[in-house]
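Participant: need a 3D model of the following:
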Amino acid sequence: MDSSDSTIILDRSTEGTGSPGSDGKERRRSQSLPEEAPSAFSSPDANKSADVDSPANLVRHYKTLQTLYKRKNPNHQDVAHLLDLEFVARRAFIDSNTVREEDRPKKVLEAYPCFKDIGHVMEELQRILDKDNANFINELKGRWHDFCQRVQFFGVCKKVLKPPMGMDKAEQALEILRVLPSLFPSSAPPKRVRDASEALVHVLEEAEDPNSYLKKCPLSCPVVIVCSSNCLLAVGDVAITTFPKDELSESVLYLMAYYYTLHLTYPKCVATLLSVIQTEVLLDKIHERDLTSSYKKSMTEWKAFIGQ
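Facilitator: Predicted structure coming up:
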């Protein structure tokens, strides 16, 4: 997709849904968005002049963003500023039915190569959930750290985790990632998936090649692949970016950021877990239709364990 193609899609996105609303999961995971909805540009923010959010200006911001990414190392702050300005049009494009969900990661990353950068994806999560909170990401990481500490005790009590004696930070994080789906269970994983945790993380075996694994990967969701020297984040069979192993403890936040940024549906085998993380860590409400019996049961057990 070249810049002109992407601009056409963004122009068409004004016919889809508007900017994110306040109904949490509904805005991100709804599979029944209306065919026709008010223009995303019909109600500019009250604090801005009417022409700031005009279609022409939003397309101009997008073209400038594309130009920046023709450079070798675009300045992060410059890109972030343009993403702020172009937010309304971008979310209208991504959150609408313009692109099928199975094609969405490829199309969005072609249109926005900046989202191959975890920093920009985390900032997009902030824009979606709490755009005016400059400390959002630090607060989010703090809540995740607290959640993981409680999960550690929760897992020990359920005899699915051992006390983390003698483990380094990455080993502890990996153990937690492996047991999380069993602590907050959903439906059984697909037949070709040996464990629900494969929807979160896969550790390459000694002779296993990451590209070979991606080609046969049965899941199309965001996943972290742990290699010998670093970690690879992929969506489906597409490798997106790498990050150091010492960030493995925060990798679930990266996965959640991609779910939100790319407007993806949670896989059934980890839907309860990701919904718990959404409400307990991201502090984002979920729609009533997603309050499944497994989610309610898990939350009742979790709240009882943490004394709430």
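
Participant: residues contacting residue 100?
Facilitator: Counting by CB atoms under 8 Å, 6 or more residues apart in numbering, residue 100 touches no other residue. All C-beta atoms are positioned from the backbone trio N, CA, C, and that covers glycine.

Participant: and it, what helix or strand is that in?
Facilitator: Assigned by DSSP states H and E, residue 100 belongs to no helix or strand.

Participant: distance of it from residue 217?
Facilitator: Using CB to CB, to the nearest Å, residue 100 is found at 19 Å from residue 217.

Participant: same thing with residue 137?
Facilitator: For residue 137, the distance to residue 217 (CB to CB) stands at 29 Å.

Participant: repeat that for residue 278.
Facilitator: Separation of residue 278 from residue 217 (CB to CB): 24 Å.

Participant: and residue 141, by the same measure?
Facilitator: Distance, residue 141 to residue 217, using CB to CB: 28 Å.

Participant: among the two, which residue is more densely surrounded?
Facilitator: Each of residue 141 and residue 217 has its neighbours counted (other CB atoms under 10 Å); residue 217 has more, 19 against 15.

Participant: you'd agree the more buried one is up against residue 236?
Facilitator: Yes. Here residue 217 reaches residue 236: they are 7.0 Å apart, a contact under CB atoms under 8 Å.

Participant: part of a strand, is residue 225?
Facilitator: Yes. With DSSP: H, G, I helix; E, B strand; the rest coil as the criterion, residue 225 is assigned to a strand.

Participant: give me the below-cutoff pLDDT ranges for the chain.
Facilitator: Within the chain, the stretches with pLDDT under 70 are 1-53.

Participant: chain center to stretch 75-82: distance?
Facilitator: In terms of CA atoms, centre = their mean, to the nearest Å, the centre of stretch 75-82 is found 20 Å from the chain centre.

Participant: many thanks, we can stop here.
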